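**Student:** Output the structure for:
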Amino acid sequence: MSLVQKHSVTVPSLGITFSTGTYAALANGAVNVCVGETNLMVTACVSGSVKPGQDFFPLTVDYREKYAAAGRFPGGYFKREGRPSEKEILTSRLCDRPCRPLFPEGFLNEVQLIGQLLSADQLNDADIPMINGASAALAISDIPWAGPIAGVRVAEIDGQFVANPNLDQMATSSLDLIYVGTEKDMLMIEGSADQISEERFIEALAFGQQAIQPIIAAIKELVALVGKPKSVFPLVGATAEARAIIERVVPADRISAAIFGKEKAARGAAVKALKEEAKTALVAELGADKFTDVDLAVVFEDLQYTAYRNTVLEKGVRADGRGKKDLRPLQAAVGVLPRVHGSAMFQRGDTQNIAITTLGPTKEAQEMDGLTGGPTSKSFILHYNFPSFSVGETGRYGSPGRREIGHGALAERSLVPVLPPRTSSPTPFASYPRSWPPTARPRWPRSAAAVSPSWTPACPSSLPSPASPSAS
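**Tutor:** Below is the predicted model:
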């Protein structure tokens with residue numbers, strides 16, 4: 001049953017209802033999404049101004065579950081929900097990724113998408129409704145955005161693709177694919193499968209693109225009913241005068257010379273020197289009060305993007321001199337630490353990772369709330385940490401951030417299919433990969449994380465590492 005509001009549209013083939021017009025009327029956009037008896041309220045709000053000197057787009061996506069949605073009390077002494085769970089963080093990231101690239105370039109006003117689980121039937125998960133609800137809320141709002149988008153979960157059950165299966169159906173599926181796209185294009189895919197062929201996977205993508213069409217049509221119908229005219233916000237970018245000066249002082253050949261054929265630290269230093277030179281020219285020709293650091297940041301980002309792209313496409317060469325098909329040097333070792341149950345090191349180029357594996361009894365399995373249904377415990381746990389010292393910087397060091405949780409979950413999902421069956425390996429596992437600093441491994445006198453490290457937790461965790469003889 002859906003939350004009754006003034007306006008509603010339905011997708012009969014998928015059992016989805018979008019409603020709006022009664023609740024959260026002061027938000028820029030607010031939509032309730034209902035699937036079965038799972039109800040989710042998603043709101044979209046935008047700030048009216050940009051902070052001075054801001055050069056990034058502050059989009060925040062927060063999905064939250066309340067125990068009341070499942071008719072339960074929070075456990076423990078405090079009967080109130082605290083920090084977001086791993087499930088809530090992963091759902092927030094899942095919604096963030098396809099929404100973010102559709103905002104206009106240069107639009108830097110803060111945008112906040114909040115999804116609140118109002119009721120859960122324990123049969124229909126709320127992650128796909130969160131994506132579709134955010135799309136609908138943004139589409140009917142006055143926030144500039146190139147949507148709508150839609151998402152579905154694609155399962156393969158008895159050789160047939162199924163769109164948005166419930167949790168009972170997913171228990172027998174050999175495929176768990178989340179597909180998000182616009183009316184014509186694919187935006188994001190995420191998932192796992194039990195040995196699917198490339199041809200069958202392409203068929204699953206085509207099925208997903210077809211399955212989202214009625215959802216997009218329903219959102220467009222909702223926009224026709226209650227959509228607000230899109231507001232015009234000032235876009236942040238470099239002034240024409242500043243861009244012309246910077247591009248004259250730092251032409252394409254100088255940018256290419258700074259970023260190609262050098263290691264990461266050397267590239268950064270060379271680009272920084274060019275920025276200082278360009279800034280000196282701007283002060284001399286325009287005056288210190290006629291430009292900002294945003295001008296420099298925007299133009300240099302454009303110049304570097306063009307240089308990287310053109311060189312790769314035209315010459316087939318990447319920044320460190322590798323060809324399009326060349327890998328960075330690889331190194332691996334096992335048994336690198338005493339006493340622990342298992343340890344391994346994996347290195348690709350400048351990026352290093354150490355994994356420590358711990359075995360324990362079944363009682364150490366992690367219990368999960370399962371408010372929306374699904375498993376209530378898991379016996380394979382992969383925790384990933386990416387501290388600031390791994391890139392030679394200072395920063396907050398404490399509980400894991402969303403990125404660490406997200407990357408750890410991706411690696412965990414990739415390793416679960418190759419774990420021994422529970423009958424032959426009843427003990428749970430806990431794997432803790434960490435980016436490692438060069439000071440701890442003197443054989444690698446480089447930065448420990450020179451590239452995006454989303455792949456790094458899986459590599460050392462999958463290395464065969466016998467338990468240390470001294471492990472207790």
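
**Student:** What helices and strands are in contact with the strand or helix carrying residue 242?
**Tutor:** Per DSSP states H and E, residue 242 falls inside helix 240-249. Based on contacts counted as 3 or more C-beta pairs under 8 Å, 6 or more residues apart in numbering; DSSP states H and E, the elements that helix 240-249 packs against are helix 264-285, helix 293-315. (Each C-beta comes from the backbone N, C-alpha and C, glycine too.)

**Student:** can you pull the buried residues of that helix?
**Tutor:** Buried residues in helix 240-249, counting neighbours by 16 or more other C-beta atoms under 10 Å, are found at 242-243, 245-247, 249.

**Student:** could I get those residues as a markdown table with pLDDT and distance to residue 303?
**Tutor:** Below are these laid out as a markdown table (pLDDT from 0 to 100; distance: C-beta to C-beta, whole Å):
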| residue | pLDDT | distance to residue 303 |
| --- | --- | --- |
| 242 | 92 | 13 |
| 243 | 93 | 10 |
| 245 | 94 | 13 |
| 246 | 93 | 8 |
| 247 | 93 | 7 |
| 249 | 93 | 11 |
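
**Student:** Return the angle between stretch directions for the helix holding residue 242 and helix 264-285.
**Tutor:** Using axes from the mean of the first three to the mean of the last three C-alpha atoms, to 10 degrees, the inter-axis angle of helix 240-249 relative to helix 264-285 is 120 degrees.

**Student:** following helix 240-249, which helix or strand comes up?
**Tutor:** Scanning the chain past helix 240-249 towards its C-terminal end, the next helix or strand to appear is helix 252-259 (assignment: DSSP H and E).

**Student:** My read is that residue 220 contacts residue 148, right?
**Tutor:** Yes: taking contacts as C-beta atoms under 8 Å, residue 220 lies within contact range of residue 148: 6.5 Å.

**Student:** tell me the secondary structure for residue 156?
**Tutor:** For residue 156, the secondary structure call by DSSP: H, G, I helix; E, B strand; the rest coil comes out as strand.

**Student:** tally of neighbours for it?
**Tutor:** 22 (other C-beta atoms under 10 Å).

**Student:** tell me which element residue 99 falls in.
**Tutor:** In this assignment (DSSP H and E), residue 99 forms part of helix 86-99.

**Student:** Can you give me the buried ones in that helix?
**Tutor:** Across helix 86-99, burial judged by 16+ other C-beta under 10 Å covers 87-96, 98-99.

**Student:** okay, stretch 244-261 in CSV with CA atoms only?
**Tutor:** Taking only C-alpha atoms (Å, rounded to 0.1, in the frame of the first residue of the first chain), the coordinates of stretch 244-261 have been written out as CSV:
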residue,chain,number,x,y,z
ALA,A,244,43.0,33.4,-22.4
ILE,A,245,46.0,34.4,-20.2
ILE,A,246,46.5,31.0,-18.7
GLU,A,247,46.3,29.2,-22.1
ARG,A,248,48.8,31.7,-23.6
VAL,A,249,51.3,31.3,-20.7
VAL,A,250,50.8,27.6,-20.4
PRO,A,251,50.2,26.2,-23.9
ALA,A,252,49.4,22.6,-24.5
ASP,A,253,53.0,21.5,-25.2
ARG,A,254,54.1,22.8,-21.8
ILE,A,255,51.3,20.9,-20.0
SER,A,256,52.2,17.7,-21.9
ALA,A,257,55.9,18.1,-21.0
ALA,A,258,54.9,18.5,-17.3
ILE,A,259,52.6,15.5,-17.0
PHE,A,260,54.1,12.9,-19.3
GLY,A,261,57.0,10.6,-18.6
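
**Student:** Now tell me what touches it from outside.
**Tutor:** Counting contacts by C-beta atoms under 8 Å, 6 or more residues apart in numbering, the residues outside stretch 244-261 that touch it are 238, 267, 270-271, 273-274, 277-278, 281-282, 285-286, 295-296, 299-300, 303-304, 306-308, 311, 317, 319-321.

**Student:** got the contact list for residue 211?
**Tutor:** Taking C-beta under 8 Å, 6+ apart as the contact definition, residue 211 lies against 14, 152, 154, 163-164, 179.

**Student:** er, residue 129 actually
**Tutor:** For residue 129, the residues meeting the contact criterion (C-beta under 8 Å, 6+ apart) are 16, 33-35, 38, 40.

**Student:** ok now stretch 376-383, how far from the chain's centre?
**Tutor:** The chain centroid and the centroid of stretch 376-383 are separated by 20 Å under C-alpha atoms, centre = their mean, to the nearest Å.

**Student:** Then stretch 351-368?
**Tutor:** The chain centroid and the centroid of stretch 351-368 are separated by 23 Å, computed with C-alpha atoms, centre = their mean.

**Student:** Next: stretch 364-374.
**Tutor:** Relative to its chain's centre, stretch 364-374 lies at 22 Å (C-alpha atoms, centre = their mean).

**Student:** And it, end to end?
**Tutor:** 19 Å (C-alpha to C-alpha, to the nearest Å).

**Student:** what comes up buried for it?
**Tutor:** Buried, per 16+ other C-beta under 10 Å, within stretch 364-374: 365, 369, 371-373.

**Student:** Mind putting the residues you listed into CSV with distance to residue 136?
**Tutor:** Listed next are these as CSV, based on distance: C-beta to C-beta, whole Å:
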residue, distance to residue 136
365, 38
369, 27
371, 23
372, 20
373, 23
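
**Student:** Looking at those residues, which one is closest to residue 75?
**Tutor:** If you rank the buried residues of stretch 364-374 by distance to residue 75 using C-beta to C-beta, residue 369 comes first, at 8.4 Å.

**Student:** low pLDDT regions in the chain?
**Tutor:** The chain contains residues with pLDDT under 70 at 1, 421-457, 461, 464-472.

**Student:** can you list the domains in it?
**Tutor:** Per the record's domain assignment (automatic domain parsing), the chain is made up of the domains 7-226, 240-315, 330-461.

**Student:** Tell me which of these is the most buried.
**Tutor:** Among the domains of the chain, domain 7-226 has the highest mean neighbour count (mean count of other C-beta atoms under 10 Å), at a mean of 18.

**Student:** quick one, which of the helices and strands packed on helix 240-249 is nearest to residue 399?
**Tutor:** For those, proximity to residue 399 was assessed by C-beta to C-beta; helix 264-285 is nearest, at 27.5 Å.

**Student:** before we move on, back to that, JSON lines for the helices and strands packed on helix 240-249, including distance to residue 410?
**Tutor:** Putting the helices and strands packed on helix 240-249 into JSON lines (distance: least, C-beta to C-beta, whole Å) gives the following:
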{"stretch": "helix 264-285", "distance to residue 410": "23"}
{"stretch": "helix 293-315", "distance to residue 410": "25"}
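
**Student:** Tell me which residues touch the nearest residue to residue 100 once chain neighbours are set aside, please.
**Tutor:** Once its chain neighbours are removed from consideration, residue 100 has its nearest residue in residue 59; the separation is 5.6 Å (C-beta to C-beta, 6 or more residues apart in numbering). When contacts are counted by C-beta under 8 Å, 6+ apart, residue 59 is found next to 96, 99-100, 103, 110-113.
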